[in-house]
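Asker: Here is my input; please provide its structure:
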Amino acid sequence: MTTKPPRDIAAYPFRTHTETRFQDLDPLGHLNNVAIAALFENGRVRFNQSLPLTHAPGTRWLIARVEIDYVAEGFFPEAVEIASGIGRVGNSSWQIVSAAFQAKGCVATSVTTLVLTDKNGARPMDDAMRAVLEAQLING
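Answerer: I've put the predicted structure just below:
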């Protein structure tokens, strides 16, 4: 089940500021779909780097799914604030829920599902990892 991303920036425990670029525009002058995906990727990486996550040797997490909803038009040269948090924590997977904001409000939302894996496939996360993720749950 996918968590519905809130469109209120206050619901998110983490925020990062990202500049837009002229090359991010489509022919109509809006931030294009690929640029929005890259902005979310940048926000997701910064969010992950902010977490004190550790995992057992031989494990890694992989992205299993990325969903993006385009809510409103985004524009250059206005910067984007990417707000992120955890939406759901499962046995071996979790969701990073994010929203992109410009001055007029939310322009897009994203839900990324990650899975903890080892050489045999998905593996359950330990209690320490679960606690770190649950400490970053979104509100709403």
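Asker: For the longest strand seen in the chain, buried residues please.
Answerer: Longest among the strand segments of the chain by residue count, using DSSP state E, is strand 105-118. Using 16 or more other C-beta atoms under 10 Å as the test for burial, strand 105-118 gives 106-117. Using the backbone N, CA and C atoms, a C-beta is placed for each residue, glycine as well.
Asker: Distance to residue 59 and pLDDT added to these, as CSV?
Answerer: Converted to CSV, the buried residues of strand 105-118 look like this (distance: C-beta to C-beta, whole Å; pLDDT from 0 to 100):
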residue, distance to residue 59, pLDDT
106, 34, 98
107, 35, 97
108, 31, 98
109, 29, 98
110, 24, 98
111, 23, 97
112, 18, 97
113, 17, 97
114, 12, 97
115, 10, 97
116, 6, 95
117, 7, 94
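Asker: hang on, the earlier thing: packing partners for the longest strand of the chain?
Answerer: When contacts are defined as 3 or more C-beta pairs under 8 Å, 6 or more residues apart in numbering; DSSP states H and E, strand 105-118 sits against helix 33-50, strand 60-70, strand 93-102.
Asker: again, only using 10 Å
Answerer: For strand 105-118, the contact count by 3 or more C-beta pairs under 10 Å, 6 or more residues apart in numbering; DSSP states H and E identifies helix 33-50, strand 60-70, strand 80-89, strand 93-102, strand 121-122 as packing neighbours.
Asker: Does anything pack onto the first one? Which helices or strands?
Answerer: Meaning helix 33-50. By 3+ C-beta pairs under 10 Å, 6+ apart, helix 33-50 packs against strand 14-18, strand 60-70, strand 80-89, strand 93-102, strand 105-118.
Asker: Next, the angle strand 60-70 makes with that helix.
Answerer: Relative orientation of helix 33-50 and strand 60-70, computed by axes from the mean of the first three to the mean of the last three C-alpha atoms, to 10 degrees: 140 degrees.
Asker: deepest of the helices and strands packed on strand 105-118, which one?
Answerer: Among those, ranked by average contacts under mean count of other C-beta atoms under 10 Å, first place goes to strand 93-102 (a mean of 24).
Asker: Direction included, what does it pair against?
Answerer: strand 80-89 (antiparallel), strand 105-118 (antiparallel) (DSSP bridges).
Asker: That's all I had, so thanks and see you.
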